[in-house]
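J.: With the sequence up front, the predicted model follows.
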Amino acid sequence: MTHSGRRLIAALVAAVLGFAADGVSGQDLGQSSGNDRQDRAAPTPAPRLTKPPVLLSGGTPAFPADALSARLSGQVKLQIDIDRAGDVSAVAVIGAAGHGFDEAAVTAAWEMKFSPAEIDGVAGAIRIEYVMHFVPRVEPADGGILEGGSASFRADGADGATAALPGNGPDAGVAADATAAPSVAEPVVVLRGRIREKGTRDPLVAADVAVSRSPAGFPGGASPAVVVGSTDADGRFDVRGQPGESLRIIVGDAAHEACVRDVVAPAPGLVDGRPIEILCTVSPRVGPGYETRVVVKRPPREVVRHTLDQAELTTVPGTFGDPLRVVQNLPGVARVPYGLGQLIVRGASPQDSGVYVGGHRVPLLYHFLGGPSVLTPRLIDRIDFYPGGFSVRYGRVTGGIIDVTTPTTDLKRLHGSGDFNLLDSAAYVEGPFGGGFSGAVAARRSYVDLLLPLVLPRVVSGNAATAVVVPVYWDYQARLDRSFGRWGKLGMFAFGSDDSLRVVTVGPGGDVSVSTRIGFHRLTAAWSAVTSGGWVTRVSPSLGVDLLRFDGGVVSVNRVAWVAGLRGEASRPLGPQVTLVAGIDAELRVDQLEGDLPIPDLRRTYGMGAPDPAARVIPLNAAAAALYLEVPWDATDRLRVVPGLRGD
C-alpha cells in the first residue's frame, strides 16, 4: 500500500471517530518522515473533519420500567450513521446491555437530530459510535426518593472520551452515578395510586407526581415538593421512599384540580411492608364561580359560515340540551309549519336547502310535531351553517347548507347515559370494542302513541266526533372508528329515523283514517390519511334508503328511493398562504313513486264528474356527479380570497 493510501485510510478513521481527542486529523495520523514527504512533490490532501455533528434534539431514552424497579444500571454502545442533512439513517447495537436498555437506546437514537457534519468545509455523511449510560437517579443524602419513569444517562465516545455533543457529557442529566451514590437505605415502593377525572372516570395520563417530605409531620418542616415521575396510560403511579417517612403526595396536571394526600408515619401500609394504595378523583379546572367570560373571536375565514361547537350546542336555553334545536334559533332559519321536521333558510323552499351529516345529505333533521333531532346529542361534535354563498364542495341546492360533523375521538373507557321522560326514552353507550376499535351506540323511541289514547276521550255524543292524533318516532345511531397509524383512520356510521302520524276520526259517518310516514336509513364510511407529498385525502361512500308514505281515504302515495353517494377530496398546501383543494361529489337515486290518485279522464262529459282513483307508477330516478376545485388564498391577515370552480 502506498504512503498516500495509508494517509487516506488514517484520515477516514479520524473522521469516523471524530469525537476523539481535540485536534486529531488526517494529517496528524498520517505524519511521516521528511524523506517520505519528498517521495511525492504534490501529495493529495486527505479529507479532514472540519466540523463535528452537534446534537440538536432527541436522544433522551425512556428508562425501562422493570430495570428501574430493580435499580439496574447499564450502558449501550451504538453505531449511528448520520446523513448529510443531520438525520439518523441507520442504528446498530454493537455493545448490548439487555434488560430493555438496548431497545430504549435504539428508540432514542432514531429520534436524534444533528447539525450536519462538515468534511473539508462541506456537509457530508458520517458514522459515529455513541454510548448511552443508564443510571437510576438518586436524591441527595437527605432524601431517598427514586425518580420513576425518566431515564438518567450519559453519552460518551467509543474510546471513553466525552462526545462533543452539548448537554450530553459524562454527567449530563445524571444526579448521581450508581457507584457514587450517597450511602442511604434502599428506597422501596411506599405508595401506589391511580388518578381519574371526576364524571368521566377517564385516567389522567402523564400527570405530574410530586412529593414533599417532612421528618416531623405536617405542616411544619415540610420540604419543597419535587416532581418524581408521572402517571402511566392508565393513570397509575408509584412513589418510592424510606419506611417511616412522612410524605405529602401531589398529583395533577394543568387541566384538572390537584390531588393532595398526606401519608404520616407510622402508617399501617408501611408497618406490614405493603404499599399504601390511594385512588384520586379530580374535577376539571373551571373558572371562579359567578364569573362571566367574554371571548372575542377572529372574524371567520368564511363570512357566510356560522360554526357551533359541542359546548355551545348543549347550553343554549330553550333547546333542552338538543344541539340541532340550536339551528332553528340562528338568523334566517325557521321550521316549516305543522311540525313536519324540515327547515326554511332565508325563505327558500326546504327542498332548495341541504342538510348533511358527515358530508352526505339526509332528508330530515327533526322528528314530527316539534320533536327532537334525529341524532343523539352525544354524537354531534360541530354544526356548520351556511345561509348562502357556500363553498363549491356543496352543490345541487340554491338555499342554505347545514353540515353536521360527528366526533371521531379514540375512546379509552366505557361510558353510558339514559334519558327517560314523558315523551320518549333514549340510551347511549360508548367505549372501546377491542382490537383497536372504539365506537358508540344510541337509540330512542317515543311512547306518545301509548299515552295519548289514555288522556283523550273517544266518546261520541250526538253529531260530535273525537279525533285522536297519535305520533310515533324512533331513531338509532351506531359509530365505529379505528386508527391504522400512518395508513390513516377509518370511520363507519350507521343511523336512521322513522316518523309516523296517524289521525283517526270517530263520528257518525264512521272512522276515517289518515296516516303519514317519513323515514330514512344511512350507512356511511370515511377513510382519511396523509399521503406522500403532503396530500391530505378523504374518501367517503354512502348507501341508504328514503321512505315516504301517505294514506288518506281513497288516496295513497308510497315513495321509496335507494340512494348511493360518493365524496372524495384531496388538499395540499401550495405555500404559506395558498392551499389547493380538489374533490368529487356524486349521487345516484333509484326512485319510484307509486300511488292511487284520482286522475280525470280525457273523455268529455256533462256536468261535474268524480274521477276514480287509478294506480300509477312514476319513476323519479336521478344521477348526478360533480368535480370541483378550490384554491383558498390568505392574501392578508384580514382578507381571504376563495376562488372555486365546480362542474355538475
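T.: Okay, I see it. Not measured: the values here are computed from a predicted model. Numbering: from 1, shown residues only.

J.: Kindly check the end-to-end length of stretch 250-259 for me.
T.: Taking Cα to Cα, to the nearest Å, stretch 250-259 runs 6 Å from one end to the other.

J.: part of a strand, is A586?
T.: Yes - under DSSP: H, G, I helix; E, B strand; the rest coil, A586 falls within a strand.

J.: ok, it touching L627?
T.: No - between A586 and L627 there is no contact under Cβ atoms under 8 Å: 9.4 Å. Where C-beta positions appear, they are placed from N, C-alpha and C, glycine not excepted.

J.: V642 - nearest residue in space that isn't next to it in sequence?
T.: For V642, ignoring the flanking residues on the chain, the nearest one in space by Cβ to Cβ, 6 or more residues apart in numbering is P632 at 4.9 Å.

J.: Test my guess that that neighbour contacts L574.
T.: No - P632 lies out of contact with L574 (Cβ under 8 Å); the separation is 10.1 Å.

J.: higher neighbour count, the two?
T.: With neighbours defined as other Cβ atoms under 10 Å, P632 and L574 compare such that P632 has more, 18 against 12.

J.: ok, so what distance separates that one from L580?
T.: 9 Å (Cβ to Cβ, to the nearest Å).

J.: cool, and V468?
T.: In this view, V468 and L580 are 59 Å apart by Cβ to Cβ.

J.: same question, L454
T.: Between L454 and L580 the computed distance is 62 Å (Cβ to Cβ).

J.: of those two, who's got more company?
T.: Remark: of L454 and L580, L580 carries more neighbours, 15 against 6, as counted by other Cβ under 10 Å.

J.: can you pull the contacts of I618?
T.: I618 makes contact with Q592, L593, E594, G595 under the criterion Cβ atoms under 8 Å, 6 or more residues apart in numbering.

J.: Can you say which helix or strand has the second one in it?
T.: I take that to be L593. Per DSSP states H and E: L593 is located in strand 579-598.

J.: Can you spell out which helices and strands pack onto that strand?
T.: Contact analysis of strand 579-598 by 3 or more Cβ pairs under 8 Å, 6 or more residues apart in numbering; DSSP states H and E lists strand 555-573, strand 613-619, strand 622-630 as its packing neighbours.

J.: most packed of the ones you listed?
T.: strand 555-573 (a mean of 16; mean count of other Cβ atoms under 10 Å).

J.: That one pairs with which strands?
T.: Strand 555-573 pairs in its sheet with strand 536-552 (antiparallel), strand 579-598 (antiparallel), by DSSP bridges.

J.: Among the ones you listed, which comes closest to G395?
T.: G395 lies closest to strand 579-598 among the strands paired with strand 555-573, at 6.2 Å (Cβ to Cβ).

J.: What segments of this structure are helices?
T.: Applying DSSP state H to the chain gives helices spanning 3-16, 26-29, 34-37, 65-69, 101-110, 268-271, 310-313, 448-455.

J.: Which one of those helices has the poorest average confidence?
T.: Of all these, helix 26-29 carries the lowest average pLDDT, namely a mean of 36.

J.: ok, and for stretch 524-539, which residues are buried?
T.: Neighbour-count burial for stretch 524-539 flags T524, A525, A526, W527, A529, T537, R538, V539 (criterion: 16 or more other Cβ atoms under 10 Å).

J.: Same check on stretch 398-406?
T.: Under the neighbour-count criterion of 16+ other Cβ under 10 Å, stretch 398-406 has G399, G400, I401, I402, D403, V404, T405, T406 buried.

J.: Same check on stretch 325-333?
T.: Within stretch 325-333, the residues that count as buried by 16+ other Cβ under 10 Å are R325, V326, V327, L330, V333.

J.: And stretch 100-119, by the same measure?
T.: Residues of stretch 100-119 classed as buried by neighbour count (16+ other Cβ under 10 Å): 100-102, 104-106, 108-109, 112, 114, 116-119.

J.: Likewise for stretch 404-417?
T.: Under the neighbour-count criterion of 16+ other Cβ under 10 Å, stretch 404-417 has V404, T405, T406, P407, T408, L411, K412, H415 buried.

J.: got the CA coordinates for stretch 588-595 in CSV?
T.: Output in CSV follows, covering the C-alpha atoms of stretch 588-595 (Å, rounded to 0.1, in the frame of the first residue of the first chain):
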residue,chain,number,x,y,z
LEU,A,588,-77.3,8.1,-7.6
ARG,A,589,-81.0,7.8,-6.7
VAL,A,590,-83.2,4.8,-7.8
ASP,A,591,-86.5,6.5,-7.0
GLN,A,592,-90.1,5.3,-7.7
LEU,A,593,-93.4,6.9,-6.7
GLU,A,594,-96.5,4.6,-6.5
GLY,A,595,-100.0,5.8,-5.7
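
J.: oh, and call the first residue 869 from now on, that's how I've got it
T.: In the new count, where the first residue is 869, that last one comes out as stretch 1456-1463.
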